[in-house]
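Q: Sequence and predicted structure, then a few things I'm wondering about:
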Amino acid sequence: MPELPEVEVVRRGLERWVAGRTVAAVEVLHPRAVRRHLEGADHFVADLTGATITAAHRRGKYLWLPLARDGVATGRVLVGHLGMSGQLLVEKPDEPREKHLRARFTFTDGGRELRFVDQRTFGGLATEDAGEGGLPVRVAHIAVDPLADDFDADAFAAALRRRRTEVKRALLDQTLIGGVGNIYADESLWRARLHGARPTDKLTRRQVDDLLEGIRDVLAESLAQGGTSFDSLYVDVNGQSGYFSRSLAVYGQLDRPCPRCGTPIRRESFMNRSSYSCPSCQPRPRARRS
DNA sequence: AGCTACTCCTGTCGGC
DNA sequence: TGCCGACAGGAGTAGC
């Protein structure tokens, strides 16, 4: 559920509240939380106990925290993905346990603990070797996200137009562009006045540039407001919600007027989820001839 | 190889 | 009330 801005908000919280601290103990309360750690929960716990978290990184919707022992990097990293409903919370040890608490980390300084809470258990944690340039292997397939310094707009435009699929599918493909999910895909398509079913190989370079500008703007604006949250599921490490939901033009705005032209926003089913768009600004493409 | 559909979960909401 | 289906911000994977 959380997309790039929401995950970046969490990363900043981890950097501020967790980096530099040494893990005293780890408790895994639900096996699914570490299901992608193939060596098992005990190995996961042993890998982290006594390790110092040195930083907090993000690519797309993945987070990873490098580990050190005795001041020396171990070459291992803690990788996390929030999935649809995951939260990483920094809380006082005496706070009551959340209903969906899946793992908790205490620290040698006796201060606030780190909790992984995840209602739907689509998210997860694992440790692994830091790969090339410190990038974990399980994150390596994720494309550089559009807010990163090394994002290559020309390469993105070329790769997008090489695809033979619909533009919204492409935006949700994390190997093509990192960090965009259902909300920000719809919002950026609206900004670029494109219907999500437009074929990628028919987009002009100008349209791709408009789309990219829409993506960058909407992600940056959302991040500046602390991300989007409709309810208490999407929060920073202190449990606080962002405010960008007030600024959404189309997502979740069925029958409300398009902020640009006033036409009521429509909802369509797409890839088994909802897509919102303006029928006037974003006309559906004619069926592709095969 | 590239693309699509399915699947993993829990909770909430609206209709009957 | 309660039961049932639809839906929720993701992504790995099997299969075509």
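A: Looks like it came in fine.
Q: Could you use CA atoms for every contact and neighbour count after this?
A: OK.
Q: Against residue A:169, how distant is residue A:218?
A: The spacing between residue A:218 and residue A:169, counted by CA to CA, to the nearest Å, is 18 Å.
Q: neighbour count winner among those two?
A: Legend: neighbour count by other CA atoms under 10 Å for residue A:218 and residue A:169, higher for residue A:218 (21 against 18).
Q: What does the pLDDT read for the more buried one?
A: The model reports residue A:218 with a pLDDT of 97.
Q: Over to residue A:170?
A: For residue A:170, the model assigns a pLDDT of 97.
Q: and it, that's in a strand?
A: No. Under DSSP: H, G, I helix; E, B strand; the rest coil, residue A:170 sits outside any strand and is assigned helix.
Q: who's in contact with it?
A: A:160, A:163, A:176, A:200 (CA atoms under 8 Å, 6 or more residues apart in numbering).
Q: Of the residues you listed, which is the nearest to residue A:84?
A: Nearest to residue A:84 out of the contacts of residue A:170 is residue A:176 (CA to CA; 20.2 Å).
Q: Near that closest one, how many other residues are there?
A: Residue A:176, neighbours per other CA under 10 Å, totals 20.
Q: What segments of chain A are strands?
A: Remark: strands assigned in chain A by DSSP state E are A:23-28, A:52-53, A:57-59, A:62-69, A:72-81, A:86-91, A:101-107, A:113-118, A:124-129, A:266-270, A:273-277.
Q: Could you export these as TSV, including mean pLDDT, distance to residue A:144 and mean neighbour count?
A: Formatted as TSV, the strands of chain A follow (pLDDT from 0 to 100; distance: least, CA to CA, whole Å; neighbours: other CA atoms under 10 Å):
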stretch	mean pLDDT	distance to residue A:144	mean neighbour count
strand A:23-28	98	30	19
strand A:52-53	98	23	25
strand A:57-59	96	7	20
strand A:62-69	98	11	23
strand A:72-81	97	16	20
strand A:86-91	96	22	24
strand A:101-107	98	29	21
strand A:113-118	97	25	24
strand A:124-129	97	20	22
strand A:266-270	92	25	15
strand A:273-277	95	24	20
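Q: what's the closest of the ones you listed to residue A:182?
A: When the strands of chain A are compared by CA to CA, strand A:273-277 sits nearest residue A:182, at 7.6 Å.
Q: Quick check, pLDDT for the residue of the stretch 151-290 of chain A found nearest DNA strand C.
A: Closest approach between the stretch 151-290 of chain A and DNA strand C, counting by CA to the nearest atom of the strand: residue A:181, at 3.2 Å. At residue A:181, the pLDDT value in this model is 96.
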